[in-house]
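K.L.:
got a sequence here, can you build the structure:
(chains A and B)
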There are 2 protein chains.
Amino acid sequence: MAKQLPRQIEGLKQKILFVGTLVEEAIAKAISALINRDRNLANTVIEEDAEIDRMEVDVEEEVLKILALYQPVAADLRFVVAVLKINNDLERMGDLAKNIAKRVMFLSNCERFDLPVDFRGMATRAQSMVKESLDALVNSDPVLARKVRDSDDEVDALRRIIEKQIEEQIAAHPDRTECMMRLGSVSRHLERLADMATNIAEDVIYMVEGEIVRHHRTTEPM
Amino acid sequence: MAKQLPRQIEGLKQKILFVGTLVEEAIAKAISALINRDRNLANTVIEEDAEIDRMEVDVEEEVLKILALYQPVAADLRFVVAVLKINNDLERMGDLAKNIAKRVMFLSNCERFDLPVDFRGMATRAQSMVKESLDALVNSDPVLARKVRDSDDEVDALRRIIEKQIEEQIAAHPDRTECMMRLGSVSRHLERLADMATNIAEDVIYMVEGEIVRHHRTTEPM
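P.N.:
Below you'll find the model as predicted:
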């Protein structure tokens, strides 16, 4: 049995990476749908979330199987436990991408308005954080994981700028209130995606170094 | 070793319940601080979050120890894995309570306005869901867990009503935009607390019945 463990671990790594790729694609498509007001693409994101949900269940079953049959210890155990937590986060990130896609459906009915200045920048940043956190996982790379964690403050700052711009737009054009509030909701979804990439990065650091890095991150300002 | 497992499991149950109690208290205090504009109480919530963070680390270490030393299988393994995931969620629920408390700091500077009609109702509902999901965990009670899951739609509906009221307030009084948007943020935090209680409830159902109930829940409307 013990000899088979490395193969099981490798299989699990491939599976979680596959879920990660699905989530990355969902985010990229949702953002592209938002920028291009592309309802068809938004609809694809909504439909494809079911596959991410199925994969989450599949990965969790795999983790339970490995724990029960192969009883990993030390670094292997830490990897398996990290995958369990990251899997959970990836499924929720898929939900966030789906929710952005749903906002696109609503926003495409709004009169055309310029997106706030830093919107694309925030989306791109959040998307790379997700990609990098998964690269850090698969390569057990704590340096890259720390880079992801540091980017989180940047995304939070962008979200606050966008929120300010949205408040100004609402004050100047009260008739745009509903559309602007939905746009604000997209920026918060992006912020939460970045937060979850940060969670993944911290799980990776803990997995590699056994160091508890959580709870040192900056929390929301007053 | 095997004989000690039940005692380890019991100890873990007590610990996760303790974290749950801290989180419940944090939510109750944050909501009370909001309703009574009590900055001191809000500050207490912000300070006390550090204890929840410490307990999360403690519980996770305990889970790793049990997995490595006692190699639980079947129902015990499912319980330990459920605790790992629930622990993660509880820590984030503590963060949400802290974020509500931070909003109280801002909102206490706003001119006095009536809270939207269903605000207290939503807060009370979200708070009971958290309590009930933890009761379901400790009593392995899937009936109660299903009740929690069913309440989630109710909280979502309340959040949508509140959002509508906030939009109307902003349209009627553009000078209140910033205060109203912070209030909207509190209602979204409450909705996320209810979502996380639902996650816990679904983990409990899965733990007891081995049934995958996730991904059947209603997602956000368009």
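
K.L.:
can you pull the contacts of the residue sitting nearest the centre point of chain A?
P.N.:
Nearest to the geometric centre of chain A sits residue A:193, at 3.8 Å (CA atoms, centre = their mean). When contacts are counted by CB atoms under 8 Å, 6 or more residues apart in numbering or on different chains, residue A:193 touches A:27, A:93, A:96-97, A:126-127, A:129-130. Where C-beta positions appear, they are placed from N, C-alpha and C, glycine not excepted.

K.L.:
which pair in those residues spans the largest distance?
P.N.:
The most widely separated members of these are A:97 and A:129, with 13.8 Å between them, by CB to CB.

K.L.:
the host helix or strand of residue A:49 - contacts with which helices or strands?
P.N.:
Here residue A:49, judged by DSSP states H and E, is contained in helix A:39-70. Packing partners of helix A:39-70 (3 or more CB pairs under 8 Å, 6 or more residues apart in numbering or on different chains; DSSP states H and E): helix A:5-36, helix A:74-107, helix B:74-107.

K.L.:
got CSV for those, with mean pLDDT too?
P.N.:
Below are those laid out as CSV (pLDDT from 0 to 100):
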stretch, mean pLDDT
helix A:5-36, 93
helix A:74-107, 94
helix B:74-107, 94
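
K.L.:
so which of the ones you listed gets nearest residue B:44?
P.N.:
Residue B:44 sits nearest to helix B:74-107 of all the helices and strands packed on helix A:39-70, at 8.1 Å, using CB to CB.

K.L.:
list the buried residues in the closest one.
P.N.:
Within helix B:74-107, the residues that qualify as buried by neighbour count (16 or more other CB atoms under 10 Å in any protein chain shown) are B:76-104, B:106-107.

K.L.:
same question for stretch A:35-50.
P.N.:
For stretch A:35-50, using 16+ other CB under 10 Å, the buried residues are A:38, A:41-42, A:44-46, A:48-49.

K.L.:
output those as a markdown table; include the columns pLDDT and distance to residue B:23.
P.N.:
What follows is the buried residues of stretch A:35-50, written out as a markdown table (pLDDT from 0 to 100; distance: CB to CB, whole Å):
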| residue | pLDDT | distance to residue B:23 |
| --- | --- | --- |
| A:38 | 94 | 41 |
| A:41 | 97 | 39 |
| A:42 | 97 | 35 |
| A:44 | 98 | 38 |
| A:45 | 97 | 33 |
| A:46 | 97 | 32 |
| A:48 | 97 | 34 |
| A:49 | 97 | 28 |
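
K.L.:
for these, which one is nearest residue B:181?
P.N.:
Nearest member of those to residue B:181, counting by CB to CB, is residue A:42, at 25.0 Å.

K.L.:
mind checking how far the closest one is from residue A:130?
P.N.:
If you measure residue A:42 against residue A:130 using CB to CB, to the nearest Å, the figure is 19 Å.

K.L.:
so for stretch A:163-178, mean pLDDT?
P.N.:
Averaging pLDDT along stretch A:163-178 yields 86.

K.L.:
in it, what counts as buried?
P.N.:
A:163, A:165-167, A:169-170, A:174, A:176-178.

K.L.:
quick check, it touching chain B?
P.N.:
Yes: judged by CB under 8 Å from any CB of the partner chain, stretch A:163-178 and chain B are in contact via A:163, A:167, A:170-171, A:174-175, A:177-178.

K.L.:
give me the contacts around that stretch.
P.N.:
Residues contacting stretch A:163-178 (CB under 8 Å, 6+ apart): A:110-111, A:113, A:116-117, A:180-181, A:183-184, A:187, B:167, B:170-171, B:174-175, B:177-178, B:181.

K.L.:
returning to that earlier point: from the residues of stretch A:163-178 next to chain B, which is closest to residue A:141?
P.N.:
Using CB to CB, residue A:163 is the member of those that lies nearest residue A:141, at 32.8 Å.

K.L.:
Serialize the buried residues of stretch A:163-178 to CSV and add fields for secondary structure.
P.N.:
What follows is these, written out as CSV (DSSP: H, G, I helix; E, B strand; the rest coil):
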residue, secondary structure
A:163, helix
A:165, helix
A:166, helix
A:167, helix
A:169, helix
A:170, helix
A:174, helix
A:176, helix
A:177, helix
A:178, helix
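
K.L.:
what's the closest of the residues you listed to residue A:149?
P.N.:
Nearest to residue A:149 among the buried residues of stretch A:163-178, with distances taken as CB to CB, is residue A:163, at 22.4 Å.

K.L.:
buried set for the helix or strand hosting the residue nearest to the centre of chain A?
P.N.:
For residue A:193, the element it lies in under DSSP H and E is helix A:177-209. Residues of helix A:177-209 classed as buried under the neighbour-count rule (16+ other CB under 10 Å) are A:177-208.

K.L.:
how about the closest residue to residue A:131 other than its chain neighbours, what does it touch?
P.N.:
Distance criterion CB to CB, 6 or more residues apart in numbering or on different chains; nearest residue to residue A:131, sequence neighbours excluded, is residue A:24 at 5.6 Å. Neighbour list for residue A:24: A:127, A:130-131, A:134 [criterion: CB under 8 Å, 6+ apart].

K.L.:
just checking, residue A:106 touches residue A:182?
P.N.:
Yes: with contact defined as CB atoms under 8 Å, residue A:106 reaches residue A:182; the gap is 5.3 Å.
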